[in-house]
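A.B. asks: Quick one: sequence plus predicted model below, questions after.
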There are 2 protein chains.
Amino acid sequence: MPCNRTSYVILGILSIEPNKSGYDIRKAVESSVGYFWSESYGQIYPTLKQLAAEGLIVPSKPASAPKKRRQEYSLTNTGRACLRDWLATPFQNDPPRNEFLLKLFFGREAAPGVAIAHVRNLQQKNEQMLATMLQIEAFAHAPSTQNPHQPYWMLTLSLGIALTRAAIEWGKSALEELVSMDAVGAQDPQSAEVGPAAGKA
Amino acid sequence: MPCNRTSYVILGILSIEPNKSGYDIRKAVESSVGYFWSESYGQIYPTLKQLAAEGLIVPSKPASAPKKRRQEYSLTNTGRACLRDWLATPFQNDPPRNEFLLKLFFGREAAPGVAIAHVRNLQQKNEQMLATMLQIEAFAHAPSTQNPHQPYWMLTLSLGIALTRAAIEWGKSALEELVSMDAVGAQDPQSAEVGPAAGKA
DNA sequence: CGTGGCATGTAAACGGTTACATGATTTA
DNA sequence: TAAATCATGTAACCGTTTACATGCCACG
């Protein structure tokens, strides 16, 4: 009866590939869902104990090298059922927290070049991210891997690519706008009403 | 010397419009940066005390109605300097946590219609969000409001619009793909049935 | 007079990161 | 044998949400 997301991430990873240790799971999270999720050891190890106590996973020693100080886990049937239940319930995304947008929103208060620097910084990160995502996509298009999960993985990847591309396009015009604002010149701060958004029905 | 983001959000809001209470600040956050930030009373009220103790804001009674049980605050010079310092330092966005993408990633484990339902759910949310954002944009284009902050606010808005549009476009093709996957799966006698519950090693 | 909104706060619980501690195993 | 990496775990701390408690004020 877990309710925290860490549990489900672990169950999900183990549903794809059993016999993983806490260490493995962390690596797997990083390299698979790393662009939209993360887990730390401080979460993983206690949660593994808890899941085992609840019977959703079972510990086992590695068959190949049973002497190693290494504890592997696999899904039980109830664990798999639990994962499926969670998958079938509506998602609820966390309230977004974007420090970049926050600094841009208050950008008027800062020195003229500050917002520009932030946008350039974001552009750089996004371009790098796009490049690696495209690499992954290209690699996945190779006909070698026939994996039943692949279509779902590709969908998450293509959303990432689409969003990053949109952000980069936005960044280009935002930079133009900010540069032209700088050229026009700075004015002294005044109070005004706080906006926008609000519509607030 | 604050370092938590709540402090800076409060300073930022007060930099735009002084003489706000904790209650006001919460409303202002919701209606201005609400699409990419949020603060709860449990954060705001203690932080206000702390900021006042540090001399970054000053409490005052409302001039119009000094009898009201209401504590307003305004920025001090050091408070404004502190805000500016923070604005000038590089942003670092939180590791993203997207439950939708998580459920999509593990979608193969669920019943066939589950991923489709999630995407449709997301589409609906995004379309509604886009509509309200466009409304705000239209409203802001009215020549009435001449506000020095407006260009920065509009930039955050236009990023929101761009990202949401991209997500909606992605959603359309994702739905097509998922529907066709379902159709193929239904035809294929072996992969049609249960997922990896019985099989899948 | 009662309801709903304004307004301020606090305590508990939760989720999560970070830093630390420890030691085994592999490889150079 | 030294260094890197595999591997497990814990304790402290931080940020955040939630639920709760309180009471004022305006309006019908």
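C.D. replies: Yes, it's here.
A.B. asks: can you give me the strands in chain A?
C.D. replies: A:57-60, A:72-75 (DSSP state E).
A.B. asks: Please identify the most buried of these.
C.D. replies: Highest mean neighbour count among the strands of chain A (mean count of other CB atoms under 10 Å in any protein chain shown): strand A:72-75, with a mean of 22. Where you see a C-beta, it was placed from the backbone N, CA and C, and this is true even at glycine.
A.B. asks: Any chance you could list what contacts that strand?
C.D. replies: Contacts with strand A:72-75, where a contact means CB atoms under 8 Å, 6 or more residues apart in numbering or on different chains, come from A:11, A:14-15, A:18-21, A:24, A:48, A:51-52, A:56-62, A:83.
A.B. asks: Now restrict those residues to buried residues only.
C.D. replies: Neighbour-count burial (16 or more other CB atoms under 10 Å in any protein chain shown) applied to the contacts of strand A:72-75 gives A:11, A:14-15, A:18, A:20-21, A:24, A:48, A:51-52, A:56-57, A:83.
A.B. asks: with those residues in mind, which one is nearest to DNA strand C?
C.D. replies: Checking these against DNA strand C with CB to the nearest atom of the strand, the nearest one is A:Ser21 at 11.5 Å.
A.B. asks: How confident was the prediction at that closest one?
C.D. replies: pLDDT recorded at A:Ser21 is 96.
A.B. asks: Out of the strands of chain A, flag the one nearest DNA strand C.
C.D. replies: strand A:72-75 (14.3 Å).
A.B. asks: give me the number of residues near the residue in chain A positioned nearest to DNA strand C?
C.D. replies: Chain A approaches DNA strand C most closely through A:Gly42 (2.4 Å), counting by CB to the nearest atom of the strand. The tally of other residues near A:Gly42 (other CB atoms under 10 Å in any protein chain shown) stands at 8.
A.B. asks: any idea how far it lies from A:Leu48?
C.D. replies: For A:Gly42, the distance to A:Leu48 equals 12 Å [CB to CB, to the nearest Å].
A.B. asks: likewise A:Asn147?
C.D. replies: 25 Å.
A.B. asks: and stretch A:95-113 with chain B, contact?
C.D. replies: Yes - interface with chain B: stretch A:95-113 contributes A:95-111 (CB under 8 Å from any CB of the partner chain).
A.B. asks: List only buried entries from those.
C.D. replies: Members of these classed as buried by 16+ other CB under 10 Å are A:96-110.
A.B. asks: circling back to that earlier point, which ones among the residues of stretch A:95-113 next to chain B are found in helices?
C.D. replies: A:Glu99, A:Phe100, A:Leu101, A:Leu102, A:Lys103, A:Leu104, A:Phe105 (DSSP state H).
A.B. asks: roughly how far apart are the residue positioned nearest the centre of chain A and B:Pro90?
C.D. replies: Among the residues of chain A, the one closest to the centroid is A:Phe36, at 1.1 Å (CA atoms, centre = their mean). For A:Phe36, the distance to B:Pro90 equals 22 Å [CB to CB].
A.B. asks: same question, A:Leu87
C.D. replies: Distance, A:Leu87 to B:Pro90, using CB to CB: 37 Å.
A.B. asks: again, but for A:Ala174
C.D. replies: 17 Å.
A.B. asks: go on, A:Ile10?
C.D. replies: Taking CB to CB as the measure, A:Ile10 falls 33 Å from B:Pro90.
A.B. asks: Please apply the same query to A:Gly22.
C.D. replies: Taking CB to CB, one finds A:Gly22 at 33 Å from B:Pro90.
A.B. asks: Pick out whichever of those two has more residues nearby.
C.D. replies: The residue with more neighbours, out of A:Gly22 and B:Pro90, is A:Gly22; 21 against 10, by other CB under 10 Å.
A.B. asks: I'd assumed A:Pro46 was in contact with the more buried one.
C.D. replies: No - the pair A:Gly22 / A:Pro46 is not scored as a contact, 9.7 Å apart, by CB atoms under 8 Å.
A.B. asks: residues from chain A in reach of DNA strand C?
C.D. replies: Proximity of chain A to DNA strand C, by CB under 7 Å from any atom of the strand, involves residues A:3-6, A:38-43, A:65, A:67-69.
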